[in-house]
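Asks: Starting from these lines, generate the structure:
(chains A and B)
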2 protein chains.
Amino acid sequence: MVDHVQSLARGLAVIRAFSATTPALTLSEVARETGLTRATARRFLLTLVELGYMRSDGRLFTLTPRVLELGYAYLSGLSLPEVAAPHLERLAAEVHESTSVAVLDGEDVVYVARVATARIMRVTISIGTRFPAYCTSMGRVLLAALPPPALDHYLSQADLRPLTSRTLTSPTALRTELDQVRTHGWSMVDQELEEGLRSLAVRIRNRSGATVAALNVSTHASRTTLQYVRRELLPLLQATAARIEADLSAQTRT
Amino acid sequence: MVDHVQSLARGLAVIRAFSATTPALTLSEVARETGLTRATARRFLLTLVELGYMRSDGRLFTLTPRVLELGYAYLSGLSLPEVAAPHLERLAAEVHESTSVAVLDGEDVVYVARVATARIMRVTISIGTRFPAYCTSMGRVLLAALPPPALDHYLSQADLRPLTSRTLTSPTALRTELDQVRTHGWSMVDQELEEGLRSLAVRIRNRSGATVAALNVSTHASRTTLQYVRRELLPLLQATAARIEADLSAQTRT
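Replies: Numbering: from 1, shown residues only, chains lettered A, B, ... in the order given. Got it, this is the predicted structure:
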């Protein structure tokens, strides 16, 4: 039992050792990154090569596109990204800014759909990217929709680290902000995740009114005023969320 | 050793048991789908729940967004999707059709970037979707670029099944077609993968001239003529590939 658990956990950790900054790793680097011994890391790397998830030129290991199948199973089972895609395209074309849809997973928001128009963040965002919920507009929309006991638990133990000089790091201040977000149905976050990044998010609800995801537009702080974001972008964002909600409700779910 | 290999392989098979048509599975269904015993399937499901890759309501299991991290490690390590994205957006807007970039993985093409404008296929395509290379335009562009021994090996053992009445299923005919594709630098496939689906693809080369991916536009056969595809779409596709190639070459690769 422990062996199965451990083997699977270690194999998945080996996959996750590879990233944008480290797409090709040597055996020693994988060992260092995962905390495994060289012998163990080698066994997992060779297993992943054998299963078709990894390639090696003898020295460097890289992932193959087969790993996409693992995430694809999740994405394709979720109707949301598919339903949202054309609406995101339209919104991005209207506002000339990047738009995304994310869901909450533990303390993070995870991107499940995105149309990028320009790269305004240091970090590249794609499907599967995670950010801490407390300092992102989509995260706050999703946290605000949590049942009170779940939110209390989150606030009691979340690690609210300052990522810029503007990040809200007090649980009390965050709770007050989330109350506002819940009342208004939207969240604006101004440079709390990254300097220069301003983001506005609204909720996406299912047929029964439960918030299932968040939709946002992110802009560069130097390009837009807070007033422009609220007056011009908010109505377009709300209209887009309403269209996505209508399509979600119209779907026959099995 | 065998144990590690087997545990990891089985764990990944459990993840892959979930799909668009089966996003939520019971223990028995997972066991049936993977060929594992109920006891073994249960162990892996609980391990995946423990690792945060799966959720359960007691009866039904579903994947969590954490599985996206596994594919994300591959995508984010690859500069191609990121470089191609704005060019795909522009092409899709110009031609009002879906455009995609795929790479070859064994006998399949795997989508690594896509902008969808309308849904013309029965199967939903997203990042990670695979199709057999022999009957797709991107697949033929990529097969045509294989070194001769690799292509010979492919043709000697590929399973060229007819997916529509038009699918080319003779290795000799396919080889002749691939010679044409290599000469012209593009491939048009007319309803060989799916009735009603017509697709045109060109190659994307790296700085040293090696074909690293394919770019396509897919259209509905009832909406476009073969002549329109070749005269109007091909030049736009070639211009887009050239822009992607220029951006790829301009990148400082480490």
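Asks: Could you export stretch A:11-27 as CSV, CA atoms only?
Replies: This file holds the C-alpha atoms of stretch A:11-27, laid out as CSV (Å, rounded to 0.1, in the frame of the first residue of the first chain):
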residue,chain,number,x,y,z
GLY,A,11,6.6,9.5,-10.4
LEU,A,12,4.3,12.5,-10.5
ALA,A,13,6.9,14.6,-8.6
VAL,A,14,9.4,13.7,-11.3
ILE,A,15,7.0,14.9,-14.0
ARG,A,16,6.5,18.2,-12.1
ALA,A,17,10.2,18.7,-11.7
PHE,A,18,10.2,19.9,-15.3
SER,A,19,9.0,23.5,-16.0
ALA,A,20,9.2,26.5,-18.2
THR,A,21,12.6,27.4,-16.8
THR,A,22,13.8,23.8,-16.7
PRO,A,23,12.4,21.9,-19.7
ALA,A,24,15.4,19.6,-19.9
LEU,A,25,17.0,18.1,-16.8
THR,A,26,19.8,15.7,-16.1
LEU,A,27,19.4,12.8,-13.7
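Asks: Which parts of the stretch 51-200 of chain A are strands?
Replies: Ranges of strands within the stretch 51-200 of chain A are A:54-56, A:60-63, A:98-105, A:108-115, A:130-132, A:186-190, A:197-205, based on DSSP state E, counting those that start in this stretch.
Asks: So for B:T26, which of the ones you listed sits nearest?
Replies: strand A:98-105 (22.7 Å; Cβ to Cβ). Where C-beta positions appear, they are placed from N, C-alpha and C, glycine not excepted.
Asks: In chain A, where is pLDDT below threshold?
Replies: In the prediction, chain A carries residues with pLDDT under 70 at positions A:1-4, A:73, A:76-77, A:118-124, A:251-254.
Asks: Adding distance to chain B as columns, could you present the strands of the stretch 51-200 of chain A in CSV?
Replies: Listed next are the strands of the stretch 51-200 of chain A as CSV, based on distance: least, Cβ to the nearest Cβ, whole Å:
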stretch, distance to chain B
strand A:54-56, 10
strand A:60-63, 4
strand A:98-105, 5
strand A:108-115, 4
strand A:130-132, 7
strand A:186-190, 20
strand A:197-205, 15
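Asks: could those go into a markdown table alongside distance to B:D108 and mean neighbour count?
Replies: Listed next are the strands of the stretch 51-200 of chain A as a markdown table, based on distance: least, Cβ to Cβ, whole Å; neighbours: other Cβ atoms under 10 Å in any protein chain shown:
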| stretch | distance to B:D108 | mean neighbour count |
| --- | --- | --- |
| strand A:54-56 | 15 | 18 |
| strand A:60-63 | 16 | 20 |
| strand A:98-105 | 28 | 25 |
| strand A:108-115 | 24 | 23 |
| strand A:130-132 | 28 | 19 |
| strand A:186-190 | 41 | 22 |
| strand A:197-205 | 33 | 25 |
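Asks: could those be laid out in TSV, adding distance to B:S100?
Replies: TSV is the format used below for those (distance: least, Cβ to Cβ, whole Å):
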stretch	distance to B:S100
strand A:54-56	22
strand A:60-63	20
strand A:98-105	20
strand A:108-115	15
strand A:130-132	25
strand A:186-190	33
strand A:197-205	26
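Asks: Nearest the geometric middle of chain A, what residue?
Replies: When Cα atoms, centre = their mean is applied to chain A, the residue found nearest the centroid is A:V110 (2.2 Å).
Asks: The nearest residue to that one once chain neighbours are set aside: how many residues sit nearby?
Replies: Closest residue to A:V110 in three dimensions, ignoring its sequence neighbours and counting by Cβ to Cβ, 6 or more residues apart in numbering or on different chains: B:P65, at 3.9 Å. As a burial measure, the neighbour count of B:P65 was computed by other Cβ atoms under 10 Å in any protein chain shown and equals 25.
Asks: for A:S165, same thing?
Replies: Residue crowding around A:S165 was assessed by other Cβ under 10 Å; the count is 8.
Asks: Pull up the gap between it and A:R90, please.
Replies: As judged by Cβ to Cβ, to the nearest Å, A:S165 and A:R90 stand 35 Å apart.
Asks: same thing with A:L178?
Replies: Here A:L178 is placed at a distance of 29 Å from A:R90 (Cβ to Cβ).
Asks: who has more neighbours, those two?
Replies: More crowded of A:L178 and A:R90, by other Cβ under 10 Å: A:L178, with 23 against 16.
Asks: do you know how far that one is from chain B?
Replies: Distance, A:L178 to chain B, by Cβ to the nearest Cβ, to the nearest Å: 21 Å.
Asks: List the residues that contact that residue.
Replies: By Cβ atoms under 8 Å, 6 or more residues apart in numbering or on different chains, A:L178 lies in contact with A:R140, A:L143, A:A144, A:L151.
Asks: so which of the residues you listed comes closest to chain B?
Replies: Closest approach between the contacts of A:L178 and chain B, by Cβ to the nearest Cβ: A:L143, at 15.8 Å.
Asks: Make sure the closest one is actually in contact with A:L151.
Replies: Yes - the pair A:L143 and A:L151 passes the contact test of Cβ atoms under 8 Å, sitting 6.4 Å apart.
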